[in-house]
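Peer 1: this one's sequence-less:
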């Protein structure tokens, strides 16, 4: 499950950076870039929390 969450969070991070580059190239409107980046941010926070959360009970001594 953890690798799936990591891949999804990586895709969300790419979705955060790629629209701004496409916007600078003149291929995407600003309003569309804002919506894509908002959705990617929400996805990243939800997914990254799942695999970055520290579980104190799972620590190995």
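Peer 2: Sure, I can see it. Computed from a predicted structure; not experimentally measured.
Peer 1: Report pLDDT for the residue nearest the centre of the chain.
Peer 2: Centroid-nearest residue in the chain: residue 12, 2.7 Å away (criterion: Cα atoms, centre = their mean). Note for residue 12: predicted pLDDT of 95.
Peer 1: if I pick it, what's in contact with it?
Peer 2: Taking Cβ atoms under 8 Å, 6 or more residues apart in numbering, we find residue 12 in contact with 40-41, 43-44, 47-48. Yep, even glycine has a C-beta here, placed from its N, CA and C like the rest.
Peer 1: Break down the protein into its helices, ranges please.
Peer 2: Applying DSSP state H to the chain gives helices spanning 2-24, 30-52.
Peer 1: for the last one, which positions count as buried?
Peer 2: Judged by neighbour count (16 or more other Cβ atoms under 10 Å), helix 30-52 contains these buried residues: 33, 36-37, 40, 43-44, 47-48.
Peer 1: With distance to residue 25 and pLDDT as added columns, please give those in CSV.
Peer 2: Shown next, in CSV, are the buried residues of helix 30-52 (distance: Cβ to Cβ, whole Å; pLDDT from 0 to 100):
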residue, distance to residue 25, pLDDT
33, 11, 97
36, 15, 97
37, 16, 97
40, 18, 97
43, 24, 96
44, 23, 95
47, 28, 94
48, 28, 92
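Peer 1: one step back: excluding covalently adjacent residues, which one is nearest to the residue nearest to the centre of the chain?
Peer 2: Spatial nearest neighbour of residue 12, chain neighbours left out: residue 44 (3.8 Å); criterion: Cβ to Cβ, 6 or more residues apart in numbering.
Peer 1: how near is that neighbour to residue 13?
Peer 2: Noted for residue 44: a distance of 6 Å to residue 13, by Cβ to Cβ, to the nearest Å.
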